[in-house]
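Visitor: The following block contains a protein sequence and its predicted model.
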Amino acid sequence: MAQENGQGGKMDGAVKVTAIMEALCSSPSPLTVREVEEITGIPRSTAHRFLLSLEEQQWAFRDPLTDGYRPGIRFFLLSGASSFYDELIRTADPEMRELVKATGNTAILSVTEGTAGLCIHSVEPLSSVKFTAHRGMSIPLHAGATGKVLLAHCSPEIRSRVLASPLRPPRGDGMVDRAELEKELERIREQGFAFSREEWMPHAGDISVPLFDGRGVFVAQMGVAGIADSVFRDFDSNLRLLKEAARNVERKMDTHIFGGGNHVSGE
């Protein structure tokens with residue numbers, strides 16, 4: 001038990017957080033608050049308070065079946081985003097290639113990076129006229145279906161920062177109506193997808209959906225983008241194909257990356 005730090009003083013907040021996360025990361029199974037107390041020496045009431053804060057920030061996840069805690073997705077992403085993205089790309093790539101074949105449009109996979117979106121993978125059709133995307137491409141979070149899915153499902157802290165900043169439309173003059181944007185984000189969360197036409201780029205359209213892990217935590221955005229007429233010529237079919245591809249990626253992710261939804265990779 002470690003109630004003291006190396007200089008004989010009481011543990012400060014940072015040391016307690018470190019001790020709790022080390023305990024969660026080193027355990028092969030979720031830990032109850034009592035077990036965290038036994039391992040770290042942090043009083044149960046204090047450990048519980050810290051765990052609630054860590055859960056709120058997605059650094060810890062409480063398993064509703066056991067009432068135990070394990071490392072959360074946000075901690076995992078922060079500690080190994082590059083390797084996680086690579087595995088996510090490997091998992092999503094086959095489904096994205098099938099999407100391109102079926103829709104004739106570009107398939108895009110993106111994540112939030114700070115207060116912007118970041119394309120981490122794209123698959124483009126052979127057509128000479130197409131929407132071009134590349135890994136590392138920055139995506140505005142307040143315009144277009146791709147960015148708005150990211151903004152609708154990102155952490156409340158990031159969303160608040162984006163909405164509090166000056167928001168100008170990528171095309172046109174003036175400022176974005178924040179109240180209308182917030183209503184649209186709520187609709188996106190309720191309906192499970194977003195679409196836009198010539199909002200981000202001239203003549204371009206996109207349809208996007210969120211990807212969640214086995215515990216319902218938002219992980220990434222997946223979508224199709226292309227010439228607007230191509231994207232919306234058969235909107236219902238393209239949306240159906242996109243949703244099916246996303247569910248397939250989620251199932252594979254849950255098995256390959258998160259071990260069936262019971263463990264974070266590396267446990």
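Guide: Thanks, I have it. What you see is a predicted model; the values in this text were computed from it and never measured.

Visitor: just for the stretch 151-267 of the chain, where's the confidence low?
Guide: 256-267 (pLDDT under 70).

Visitor: can you give me the strands in it?
Guide: Assigned by DSSP state E, counting those that start in this stretch, the stretch 151-267 of the chain shows strands spanning 194-197, 204-212, 218-227.

Visitor: Return the most buried member of those.
Guide: strand 218-227 (a mean of 26; mean count of other Cβ atoms under 10 Å). The C-beta positions use only the backbone N, C-alpha and C, and glycine is treated the same way.

Visitor: would you turn the strands of the stretch 151-267 of the chain into JSON lines with distance to residue 110?
Guide: Shown next, in JSON lines, are those (distance: least, Cβ to Cβ, whole Å):
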{"stretch": "strand 194-197", "distance to residue 110": "12"}
{"stretch": "strand 204-212", "distance to residue 110": "9"}
{"stretch": "strand 218-227", "distance to residue 110": "5"}
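
Visitor: unless I'm mixing things up, residue 241 is touching residue 103, no?
Guide: Yes. Contact criterion Cβ atoms under 8 Å: residue 241 and residue 103 qualify, at 6.2 Å.

Visitor: more crowded one of these two?
Guide: residue 103 (24 against 19; other Cβ atoms under 10 Å).

Visitor: What are the boundaries of the helices in the stretch 151-267 of the chain?
Guide: Secondary structure of the stretch 151-267 of the chain, counting by DSSP state H, counting those that start in this stretch: helices at 156-164, 178-191, 228-233, 235-256.

Visitor: and residue 128, which of these is closest to it?
Guide: With Cβ to Cβ as the criterion, residue 128 lies closest to helix 228-233 of those, at 13.0 Å.

Visitor: Quick check: buried residues in that closest one?
Guide: Within helix 228-233, the residues that count as buried by 16 or more other Cβ atoms under 10 Å are 228, 230-231.

Visitor: related to what we said a few turns ago, mind giving me CSV with the helices of the stretch 151-267 of the chain and columns for distance to residue 209?
Guide: Compiled in CSV, the helices of the stretch 151-267 of the chain are given as follows (distance: least, Cβ to Cβ, whole Å):
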stretch, distance to residue 209
helix 156-164, 18
helix 178-191, 10
helix 228-233, 14
helix 235-256, 5
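
Visitor: Give me the spatial nearest neighbour of the spatially most central residue of the chain, chain neighbours excluded.
Guide: Nearest to the geometric centre of the chain sits residue 219, at 2.6 Å (Cα atoms, centre = their mean). Using Cβ to Cβ, 6 or more residues apart in numbering and skipping the chain neighbours, the partner closest in space to residue 219 is residue 211 (4.9 Å).
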